[in-house]
Structures are given as structure tokens and as C-alpha cells.
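1. here's a sequence, model it:
(one chain, ligands or ions: 1)
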Amino acid sequence: FLQGKTALVTGSTSGIGLAYAKALAAEGAAVMINGFGEAAAIETERAGLEALSGAKAAYSAADMTKPDQIAAMVAECAATLGGPDIVINNAGIQYVAPIDEFPLEKWDAILAINLSSAFHVMRAAVPGMKAKGWGRIINTASAHSLVASPNKGAYVAAKHGLNGLTKTVALEVAEHGITANCISPGYVWTPLVENQIPDTMKARGMTREQVMEDVLLAAQPTKEFVTAEQVAALALFLCGDAAKAITGANLSMDGGWTAA
Ligand code: NAD
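-> Next comes the predicted model:
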């Protein structure tokens, strides 16, 4: 149902972002992916998206900490695939440390990638959406846009901020056929989660098994990880006509985490 539409997904060389890209391509969208990784692996994913969609797919190496590169990515998307009709701000990193030991450069990087990059992408993409009278903005927030956990100050601040920014943009574009929403997953098994296990072990003095059970899945009443494919299915729903009245919402998919 997305034939003729163009989607731009930041942080989509891995994890949830790649699942979004595949789900959008499977519905016929031309997709621009973005993120870091090995060139050959990224090219395989890009070509796979074209095979899936029957439309063009492109890759941008833009660094989400760099506003000029973000603006250039949106312009390149417009030039090669068409102005983005669907934007998914998904790039994100995590760092786990108590506030008094939190490295300054990690604070700056998390705020830049997890929050400010969404501002820069939306700022560049909204005019094209307004001109078409149609657009879908989906921002990957997190259960941490609603609740906190210790040792995640930068991440929790950025995700709460992303929720506020998304609501604001939703109000601004409400009469232009554009919706803006957050999807807030609980723990999804991706490299982002895998990579924080050693630091959490150190910060809390726990074994790997204790972190998995007492920190990660302890938060989720279902005791199951959310899957990237489930998150992508919700994004697809938000792109459809049935979801045109859903805007400014923060949709949880967290196994009951934030109900507790
Ligand atoms: P991931 O590490 O698998 O993917 C992150 C993506 O962002 C990768 O493609 C990476 O290359 C890209 N990226 C990182 N820094 C970048 C930069 N400076 N410029 C451009 N791209 C950059 O992680 P994921 O778990 O799939 O996370 C995706 C999003 O989902 C993040 O915003 C994360 O906060 C959010 N999220 C994840 C979980 C989870 O449990 N995995 C839960 C809630 C929210």
C-alpha cells in the first residue's frame, strides 16, 4: 500500500531501523537507509530492499551528530528517491553510567543522536510533506520516554525530550495531513541492548544472567523481549489511512513495562 511513497529511516543498518526499512519496502516504498556498518553488508541490505519493494533503495552515511550532513541526507533523498513522505527517526545509542561519572562526550553524543537529529530531519522534511498534504513522522522513543532507570540519564532525558518534540510537531502539522507519533518499545533484542550488558554488569556489580533477568526482563511483565518485527508492524499501521487520526501519541509496545 506504499507504492509511490518514499521513506527515510535513520539508523537503519541494524536492529529496529532495518526492520522498519524491510517492512516499508515490502509494501512497495522506496527507502533510504542510514547508519554505520561495513560497506559490503550495507550494500547487501540496500539491494535486498530493492528486490523486496520493486522500487529504488538508497543509502546515506550521514552522521546523526552532524546537522549539515543530516540536511544533505534529506536533500539527497529528495534528489534520488523523491522527497520523503514517511520519516522514521530511529538512530540511537545508549551509555550506562551514574550521573557523577557520566562522560561529557557521551552526554553530548546521546542528546545529538537520540534527540537533536530528529529535530534536524523533521525541520528539513516537513516543508515537502506540507506541499504534498500528506506525511507520516514516526520517532522511535522508548519506555524510557515515560519512565526512568538508574544510570541512563542522557538516554532518559533525550527520549523524554523526543516525546515532547514529537507532540509539538504533531500540533504544528495537524491540518496538513501529516501525523507525528512516537513508538516506545520496551527491550528489543538488538546490538544496542547486547552492548549495554557489560556496562550494566559493571555499574550494578551483576553477572550477565542477573542483568538479563533482574534488569532487562524484570522490567517487562511478559518476561519476553519485544521483536523488531513487531515494532515495524506498528509503524506500518501508522502509515495507513486507518491511523490518520493518531497523532501526537506515544504508543507503548513494552510488554506491560510502563503499566506497572
Ligand atoms: P542498533 O544499535 O541495532 O541500531 C542503531 C542504529 O543507529 C544503527 O543502524 C547505527 O549504525 C545507527 N547509528 C548509531 N549512531 C549513529 C550516528 N551517529 N549516525 C547515524 N546512524 C547512527 O539499536 P536498536 O536497538 O535497533 O535501536 C534503534 C532505536 O530504538 C534507538 O533509537 C533506540 O534508542 C530505540 N530503542 C531500542 C530499544 C531496544 O531495546 N533495543 C528499546 C527502546 C528503544
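2. assign a three-state SS to residue 247, would you?
-> Secondary structure assignment for residue 247 (DSSP: H, G, I helix; E, B strand; the rest coil): coil.
3. so it sits against residue 180, correct?
-> Yes. At 6.0 Å, residue 247 and residue 180 qualify as touching, with contact defined as Cβ atoms under 8 Å. From N, CA and C alone the C-beta is placed, and that goes for glycine too.
4. so what sits against both of these two?
-> Shared contacts of residue 247 and residue 180 (Cβ atoms under 8 Å, 6 or more residues apart in numbering): residue 170.
5. the more surrounded of those two?
-> Comparing residue 247 with residue 180 by other Cβ atoms under 10 Å, the one with more neighbours is residue 180, at 30 against 20.
6. tell me what that one is bridged to.
-> With DSSP bridges as the criterion, residue 180 is bridged to residue 137.
7. how about residue 173, what does it touch?
-> Counting by Cβ under 8 Å, 6+ apart, residue 173 has contacts 126, 129-130, 135, 137, 179-180.
8. write out the residues of this protein neighbouring the ligand.
-> Counting by Cβ under 6 Å from any ligand atom, the residues of the chain close to the ligand are 11-17, 34-37, 63-65, 90-93, 113-114, 140, 142, 185, 187-188, 190-193.
9. three-state assignment of the residue in the stretch 51-200 of the chain that the ligand sits nearest to?
-> Closest residue of the stretch 51-200 of the chain to the ligand, Cβ to the nearest ligand atom: residue 92 (2.2 Å). Assigned by three-state DSSP, the conformation of residue 92 is coil.
10. with adjacent residues omitted, what lies nearest to it?
-> Nearest residue to residue 92, sequence neighbours excluded (Cβ to Cβ, 6 or more residues apart in numbering): residue 114, at 4.7 Å.
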